[in-house]
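**Student:** need the 3D shape of this:
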Amino acid sequence: MINKIVRDMAEAMQGIVDGSTVLVGGFGSVGQPDALIDGLIEQGAKDLTVVANNAGAGRVGLARLMELGRVRKIICSFPRSAGSVVFEELYKAGRLELEIVPQGTLAERMRAAGAGVPAFYTPTGYGTLLTEGKPTAEFGGRSCVLEHALPGDVALVQAHRADRWGNLTYRRSGRNFNPVMAMAAKLTIAQVDLIEPLGTLDPEHVVTPGIFVDRVLTHPVA
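**Tutor:** Predicted coordinates:
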């Protein structure tokens, strides 16, 4: 019997190793799996590469993970935002590597990883410092730059509802990066508000099929 629901946070975090690339869902605080981030802090893995939309805020969650010295590199679109004090401190001190990726390119690099596409060309960023040194080509008179897929060892995602097979639905803007990150990782862990009986989720509402999800932990958003 397939049952991807885990008993507790320790089981959800089991097997995450030092040096992992961790995809963290959310757009700022919206759709961000805060409980799973706290679980990763407790679990202890270090030397991580984190892929996220932004670099955290305040001194909690993702920012706290960085402040503890557990993140070696962050790949994101918006490293500086309101309250990103920890990122700025660490980056200025040379204790954190940074790779800035345009938001659409970031999403497409992960989608490509989930789809088995090793690389793709895009006009986004062509001729800027962000793409300096990358291969280029011209298509229909438009200059493009080659971007590589961005897979993760682990994805931490937040969804609204799930069943025991790991099928996920999302609530409004909480959908954001979560579906593509769930596709792109070897191990996907989902934090959800509700567990529904098998067969009750409307298939038309399932955004992430259970084939992409390995573990489901119930943790309602306050």
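
**Student:** for the rest of this, base every contact and every neighbour count on C-alpha atoms.
**Tutor:** Fine.

**Student:** what's the spacing between residue 64 and residue 71?
**Tutor:** According to CA to CA, to the nearest Å, residue 64 and residue 71 sit 10 Å apart.

**Student:** I meant to write residue 54 there.
**Tutor:** From residue 54 to residue 71 the distance is 14 Å (CA to CA).

**Student:** same check, this time on residue 134
**Tutor:** 25 Å.

**Student:** so which of those two has more stuff around it?
**Tutor:** Each of residue 134 and residue 71 has its neighbours counted (other CA atoms under 10 Å); residue 71 has more, 26 against 12.

**Student:** what pLDDT does the closest residue in space to residue 148 that isn't next to it in sequence get?
**Tutor:** Excluding the flanking residues, the one nearest residue 148 by CA to CA, 6 or more residues apart in numbering is residue 119, at 4.2 Å. Here, the pLDDT recorded for residue 119 equals 98.

**Student:** correct me if wrong: residue 119 contacts residue 111.
**Tutor:** No - between residue 119 and residue 111 there is no contact under CA atoms under 8 Å: 10.7 Å.

**Student:** need the residues touching each of the two.
**Tutor:** Common neighbours of residue 119 and residue 111, using CA atoms under 8 Å, 6 or more residues apart in numbering, are residue 149.

**Student:** compare these two and say which is more crowded by neighbours.
**Tutor:** Higher neighbour count among residue 119 and residue 111: residue 111, with 22 against 14, using other CA under 10 Å.

**Student:** tell me how many other residues surround the nearest residue to residue 136 once chain neighbours are set aside.
**Tutor:** Of all residues not flanking residue 136 in the chain, residue 145 sits nearest, at 4.4 Å (CA to CA, 6+ apart). Neighbour count of residue 145, defined by other CA under 10 Å: 20.

**Student:** what lines up beside whichever strand or helix holds residue 145 in the sheet?
**Tutor:** Using DSSP states H and E, residue 145 sits in strand 142-148. Next to strand 142-148 in the sheet, as set by DSSP bridges, lie strand 119-122 (antiparallel), strand 136-139 (antiparallel).
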